[in-house]
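> take a look and give me a structure for this.
(one chain, ligands or ions: 3)
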Amino acid sequence: MITLPEFLDGTTPHCTPATAHLFDSTHPDDEQQATAICTGCPLRPGCAQHALTTPEERGTWGGLTARQRRRIRNPDDTAWVDDEGRLRVACGTYRALQAHLRYGETCGPCRAAQAARTEHARRASLAAEHAAGGTVNGAAIHRRLGEPTCVHCRAAVARQSAVQRAARRMAQHPELAMAS
Ligand code: SF4
Ligand SMILES: [Zn+2]
Ligand SMILES: [Zn+2]
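Ligands and ions are numbered 1, 2, ... in the order given. This is a model prediction of the structure:
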C-alpha cells in the first residue's frame, strides 16, 4: 500500500481511500484510470514533482506511472515533465505524436514526421511488390502514395480483370465451359 506524503493528506478529493487500489496497481487499465483521476487534480504538478524527487518507486503519482517516472529519471531517455506535470518526449517520434493526441494538441513537426514514416513504410511494401514483378496490391500502394501506377503493377491489374471477366462469363454461360 502506498503511504501518501503528509502534504497530500486530506487535501485532495481525487485519490481517496476508495480509489487507492488503482494508484498502487501496475495493471494498464488501473494505471489508465489512476492517471485520468490525476488529470483533474489541482495538486498534480507538486505531486509529480514529489514522486520524482523523493523518489517514489511504486504506484501512480501526479499522473505519472512508476514506469514513466523511471524514464524521466533515466539520463539516457529524452522524456521530461512539462509545467502541468505531464510526461513529454522529444517531437518527431511516434510516442510524441501519441502524447499530443492524448493531450488534444496538434503539432506540425510530429505530423510531418508521421507522414514521412508512413510513406517510408509504403515504399518498403511497394519494393516487395515490385520484387514480385508488380502486383494488384502494388497498384493500390501507388494510389495511396498519390502517384501513377507503374507499368508492371498496371499489367497485374489488367491480368486480374481479364481473369475476373472470364470467370463471370463462365458463370453466366455454363455451356461455354462445357464446350471448351
Ligand atoms: S495528482 Fe493524482 S496522485 Fe497526486 S494527489 Fe492528485 S489524484 Fe492523487
Ligand atoms: Zn510534436
Ligand atoms: Zn508498381
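> so where do the strands sit in the protein?
For the chain, strands defined by DSSP state E occupy the ranges 80-81, 87-88.
> now render those as CSV, adding mean neighbour count and mean pLDDT.
Yep, even glycine has a C-beta here, placed from its N, CA and C like the rest. Listed next are the strands of the chain as CSV, based on neighbours: other Cβ atoms under 10 Å; pLDDT from 0 to 100:
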stretch, mean neighbour count, mean pLDDT
strand 80-81, 16, 80
strand 87-88, 19, 82
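> how about these, which one is nearest residue 95?
Taking Cβ to Cβ, strand 87-88 is the member of the strands of the chain nearest to residue 95, at 9.4 Å.
> that closest one packs against which elements?
If contacts are counted by 3 or more Cβ pairs under 8 Å, 6 or more residues apart in numbering; DSSP states H and E, strand 87-88 sits against helix 66-73, strand 80-81, helix 94-102.
> what separates it from the chain centre, distance-wise?
The chain centre lies 15 Å from the centre of strand 87-88; the measure is Cα atoms, centre = their mean, to the nearest Å.
> which one is residue 111 nearest to, not counting chain neighbours?
Among residues not flanking residue 111 along the chain, residue 97 sits closest, at 7.3 Å (Cβ to Cβ, 6 or more residues apart in numbering).
> and for the one you found, the neighbour number?
Using other Cβ atoms under 10 Å, residue 97 has 20 neighbouring residues.
> now it: how far from residue 139?
Going from residue 97 to residue 139 by Cβ to Cβ, to the nearest Å gives 29 Å.
> how about residue 87?
In terms of Cβ to Cβ, residue 87 sits 42 Å off from residue 139.
> got it, and residue 63?
To residue 139, residue 63 is 47 Å away according to Cβ to Cβ.
> picking up where we left off before, which one of the helices and strands packed on strand 87-88 has the lowest average pLDDT?
Per-stretch mean pLDDT for the helices and strands packed on strand 87-88 is lowest at strand 80-81 (a mean of 80).
> counting by contacts, list what that strand packs against.
Looks like strand 80-81 contacts helix 44-53, strand 87-88 (3+ Cβ pairs under 8 Å, 6+ apart).
> starting at the chain centroid, how far to the longest one?
In terms of Cα atoms, centre = their mean, the gap separating the centre of helix 44-53 from the centre of its chain is 26 Å.
> tilt between that helix and helix 66-73?
Per axes from the mean of the first three to the mean of the last three Cα atoms, to 10 degrees, the angle that helix 44-53 makes with helix 66-73 is 80 degrees.
> higher neighbour count, residue 63 and residue 139?
The neighbour count for residue 63 versus residue 139, taken as other Cβ under 10 Å, is higher for residue 63 (24 against 21).
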